[in-house]
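Asker: I would like the atomic coordinates for the input below:
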Amino acid sequence: NMKIFSLINIIVYSLLYVTNDIGNYGRWLIPVTILLYVVENMVYLYKYRRDQLLCFEFFFSIAFFLCSFLTPFVFPLLDSYQGRAFVDTEYNLLKVYILCFIGYNSYMFGLCLSKQQGNHTLWFNVSFNRRSCLYSNLLCFFFIVCFYIMGGGRLISLYSDLASDLNQRYGNWGEYMIYAMYAYTISIVTNFSSVSQYASSLRELIKQLPFLFYVNSILLVIPLLLSGLRSSAAQLLIPMLLMYGISIKKMRTCKVLAIILVGYATMIMIGMTRAGDGVAKQDSLFLTLVYDFVSANGANSFLVNYADIQGFTGGSNMLLQLASIVPFMQSFILLFIPRSSLALSSSTMFTNSFMDSTQGGMGTALIGDIYYTFGVIGVIILMFLLGYFLKKLYKSHNSPYALVILMSLSGNAIFAARVEYCFILRSLSYTAIFLFIILSITKDKNIYENRLRNR
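Answerer: Below you'll find the model as predicted:
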């Protein structure tokens, strides 16, 4: 029983956390934790997702491991500059391991809290009419046009322009690019769902998709890939893969693994060449393969140590990100609360501690961010809520909003462990708002017919 297994892990590792003599567990804690993590995920994926391996849990499990448990393997390979963010003590290393494993099992406990309907098959009984598809494509195209009018052509040279301030790299066009990404995610769901009854293969899907969907893909997805913005590109490509598996045709495990390997290799190459001045690689091949996740391990190390010394923020660092789910709410709050009275976000604080923020950010780490905010209790509660929220999405088989939010959340799965806990909330909120506008305008009868049919 996955629920009981996760709960036992939480209890055991929580007892280890409150033990003052963590160092005595160093010889076995790291290998045992990794073994338990691998077994737990393999059992879960086999039990619930063996017929549809492409899912949020699969991507998130890989990313979480790379962001949380790499320190003992990569730190010896780093030079003094690269390793400056790590707190080089065994106590800190083991404490981070314990906190990350507690957090992940809290997420798994929430995910498995009740029996998942559909067992190991993902399914949604949602379809959209042609008007909903058209309006989602038009909304995306509108934001793309605004994006280019405001100077979005700079996207292609984003990393090769050495004179630019990477902290302000998006300029005025960045907001429209983000809105276009929200609308494009909706268009993936509406278009793939609407043609599912006419297409049962990739070739048929290509024939059925509207022309405007291809125009939006050429104007948005391809430039994101060429620019080197891999996280943004992944936010669109992953939902495309998931919707293909849900609406068109399930993919065999071997094909899924092949896609993941090819995609990962491609993302690494983009990261190594996006500056435009040759291939940038590390001395170690292993370090080259995982380098994108090294800073997250450093962030966990630094933030846990920082919070233990300076104390927790109590949530003031999350206030503005929480307010971002409501348009203009951030500006309204700042009318009454000065920004200086709020704690820095974990990514800003982490970056400012080690480098000039105008040269880019160092990011943060999910568990480190939560611990910096609320401590171990926050790690348990907030990670549980993440898993429980995901479970509720999976059980909402007839809700178009659940499907769209799930695709948006899955698009961020690879990088979710590298950002603040509340970072994704704005994406989920605006995606739902845009879908509400589209369905309100089109009065899509298919949605309501599906609901009545399944009552």
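
Asker: Could you check the pLDDT of K115?
Answerer: At K115, the model reports a pLDDT of 62.

Asker: and what of S127?
Answerer: 83.

Asker: ditto for A234
Answerer: At A234, pLDDT is 90.

Asker: Counting neighbours, what do you get for it?
Answerer: 21 (other CB atoms under 10 Å). (Each C-beta comes from the backbone N, C-alpha and C, glycine too.)

Asker: With K395 instead?
Answerer: 14.

Asker: Please name the nearest non-neighbouring residue to K3.
Answerer: C112 (4.5 Å; CB to CB, 6 or more residues apart in numbering).

Asker: For the one you found, what are phi and psi?
Answerer: Main-chain dihedrals, C112, degrees, to the nearest 10: phi -110, psi 20.

Asker: Next up, the contacts around it.
Answerer: 2-3, 6, 44, 387, 391 (CB atoms under 8 Å, 6 or more residues apart in numbering).

Asker: rerun at 7 Å
Answerer: For C112, the contacting residues are 2-3, 6, by CB atoms under 7 Å, 6 or more residues apart in numbering.

Asker: Which of the residues you listed fall within helices?
Answerer: Those of the contacts of C112 mapping onto helices are 2-3, 6, per DSSP state H.

Asker: Verify the stated contact: R49 with F56.
Answerer: No. Using CB atoms under 7 Å, R49 is not in contact with F56, being 9.7 Å away.

Asker: picking that back up, out of the ones in helices among the contacts of C112, who has the most neighbours?
Answerer: S6 (24 neighbours).

Asker: so it makes contact with N105?
Answerer: Yes. In this structure S6 lies within contact range of N105 using CB under 7 Å: 4.4 Å.

Asker: before we move on, what SS does T364 have?
Answerer: coil (DSSP: H, G, I helix; E, B strand; the rest coil).

Asker: How much space separates it from K95?
Answerer: To K95, T364 is 17 Å away according to CB to CB, to the nearest Å.

Asker: And the two? Which one has more around it.
Answerer: Taking other CB under 10 Å, T364 and K95 do not tie; T364 has more neighbours (30 against 22).

Asker: do you know how far V189 is from K207?
Answerer: 19 Å.

Asker: So between those two, which is more surrounded?
Answerer: V189 (30 against 11).

Asker: and the more buried one, backbone torsions?
Answerer: According to degrees, to the nearest 10, V189 has phi -70, psi -50.

Asker: Same check on F65?
Answerer: Residue torsions, per degrees, to the nearest 10, at F65 are phi -60, psi -50.

Asker: My guess is it contacts V38. True?
Answerer: No. Assessed by CB under 7 Å, F65 is found out of contact with V38, at 8.3 Å.

Asker: quick one: which of those two has more around it?
Answerer: The neighbour comparison of F65 against V38 (other CB under 10 Å) goes to F65, with 18 against 12.

Asker: Show me which of R49 and F56 is the more surrounded one.
Answerer: Taking neighbours as other CB under 10 Å, R49 and F56 compare with F56 leading, 23 against 20.

Asker: Tell me the spatial nearest neighbour of the more buried one, not counting adjacent residues.
Answerer: S410 (4.3 Å).

Asker: Distance of the one you found relative to L54?
Answerer: For S410 relative to L54 (CB to CB), the value is 9 Å.

Asker: Overlap in contacts, those two.
Answerer: Joint contacts of S410 and L54 (CB under 7 Å, 6+ apart) are L242.

Asker: Pick out whichever of these two has more residues nearby.
Answerer: Neighbours per residue (other CB under 10 Å) separate S410 from L54, with S410 holding more: 27 against 23.

Asker: In terms of secondary structure, what does the helix or strand containing the more buried one contact?
Answerer: Using DSSP states H and E, S410 falls within helix 400-411. Contact here means 3 or more CB pairs under 7 Å, 6 or more residues apart in numbering; DSSP states H and E; on that basis helix 400-411 packs against helix 56-68, helix 174-194, helix 230-243, helix 366-395, helix 425-442.

Asker: ok, 6 Å please
Answerer: In terms of contacts (3 or more CB pairs under 6 Å, 6 or more residues apart in numbering; DSSP states H and E), helix 400-411 is packed against helix 174-194, helix 230-243, helix 425-442.

Asker: Out of these, which one sits most buried?
Answerer: Among the helices and strands packed on helix 400-411, the stretch with the highest mean neighbour count (mean count of other CB atoms under 10 Å) is helix 174-194, at a mean of 25.

Asker: Using PDB, write down the CA coordinates of that one.
Answerer: What follows is helix 174-194, C-alpha atoms only, in PDB (Å, rounded to 0.1, in the frame of the first residue of the first chain):
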ATOM      1  CA  GLY A 174       7.900  39.200 -21.900                       C
ATOM      2  CA  GLU A 175       4.400  39.500 -20.400                       C
ATOM      3  CA  TYR A 176       2.800  38.900 -23.800                       C
ATOM      4  CA  MET A 177       5.000  35.900 -24.400                       C
ATOM      5  CA  ILE A 178       3.800  34.400 -21.100                       C
ATOM      6  CA  TYR A 179       0.200  35.100 -21.900                       C
ATOM      7  CA  ALA A 180       0.700  33.500 -25.300                       C
ATOM      8  CA  MET A 181       2.100  30.400 -23.600                       C
ATOM      9  CA  TYR A 182      -1.000  30.200 -21.300                       C
ATOM     10  CA  ALA A 183      -3.300  30.400 -24.400                       C
ATOM     11  CA  TYR A 184      -1.200  27.900 -26.300                       C
ATOM     12  CA  THR A 185      -1.500  25.400 -23.500                       C
ATOM     13  CA  ILE A 186      -5.300  25.800 -23.700                       C
ATOM     14  CA  SER A 187      -5.200  25.400 -27.500                       C
ATOM     15  CA  ILE A 188      -3.300  22.100 -27.100                       C
ATOM     16  CA  VAL A 189      -6.100  20.800 -24.900                       C
ATOM     17  CA  THR A 190      -9.000  22.100 -27.000                       C
ATOM     18  CA  ASN A 191      -7.600  21.000 -30.300                       C
ATOM     19  CA  PHE A 192      -6.300  17.600 -29.300                       C
ATOM     20  CA  SER A 193      -9.600  16.800 -27.500                       C
ATOM     21  CA  SER A 194     -11.800  18.000 -30.400                       C
END
